[in-house]
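Colleague: just the structure for this:
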Amino acid sequence: MLSEDKPINPTNKQAQACLRVCQMLSNSYKDIHLFRFDEKLGNVFILAGDDIQIMIPPSGEWYFL
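Modeller: Next up is the predicted model:
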């Protein structure tokens, strides 16, 4: 099975937070370099701009690292 075939199962709150965060980054003209879903922990990690790191846990309450 290829990694592309594995389903990503974020929570609804997490998926909505990802969309809001990516929209805010885009509105600020920040490049999104990495968007990763950690299957073991269920967290989303976003690397953007020069040094912006954002974690979005299943609760959807995102924060900067």
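Colleague: the most centrally placed residue in the chain pairs with what?
Modeller: With distances taken as Cα atoms, centre = their mean, the residue of the chain nearest its centroid is residue 44 (4.0 Å). Under DSSP bridges, the beta-bridge partners of residue 44 are residue 37, residue 56.
Colleague: thought it was touching residue 35?
Modeller: Yes - counting by Cβ atoms under 8 Å, residue 44 does reach residue 35; the two are 7.2 Å apart. Using the backbone N, CA and C atoms, a C-beta is placed for each residue, glycine as well.
Colleague: now do the shared contacts for those two.
Modeller: Counting by Cβ atoms under 8 Å, 6 or more residues apart in numbering, the residues touching both residue 44 and residue 35 are residue 18.
Colleague: and the pLDDT at the residue nearest to the centre of the chain?
Modeller: Note on residue 44: pLDDT of 96.
Colleague: same question, residue 40
Modeller: The predicted local confidence for residue 40 is 89.
Colleague: next one: residue 7
Modeller: On pLDDT, residue 7 comes in at 73.
Colleague: who touches it in this structure?
Modeller: Under the criterion of Cβ under 8 Å, 6+ apart, residue 7 has no neighbours.
Colleague: helix, strand or coil for it?
Modeller: Secondary structure for residue 7, judged by DSSP: H, G, I helix; E, B strand; the rest coil, is coil.
Colleague: next one: it from residue 47, what distance?
Modeller: Computed as Cβ to Cβ, to the nearest Å, the residue 7 to residue 47 distance reads 23 Å.
Colleague: same deal with residue 59?
Modeller: Distance from residue 59 to residue 47, by Cβ to Cβ: 21 Å.
Colleague: next one: residue 38
Modeller: Distance from residue 38 to residue 47, by Cβ to Cβ: 13 Å.
Colleague: who's more crowded, the two?
Modeller: A count of neighbours by other Cβ atoms under 10 Å puts residue 47 above the other of residue 38 and residue 47, at 15 against 11.
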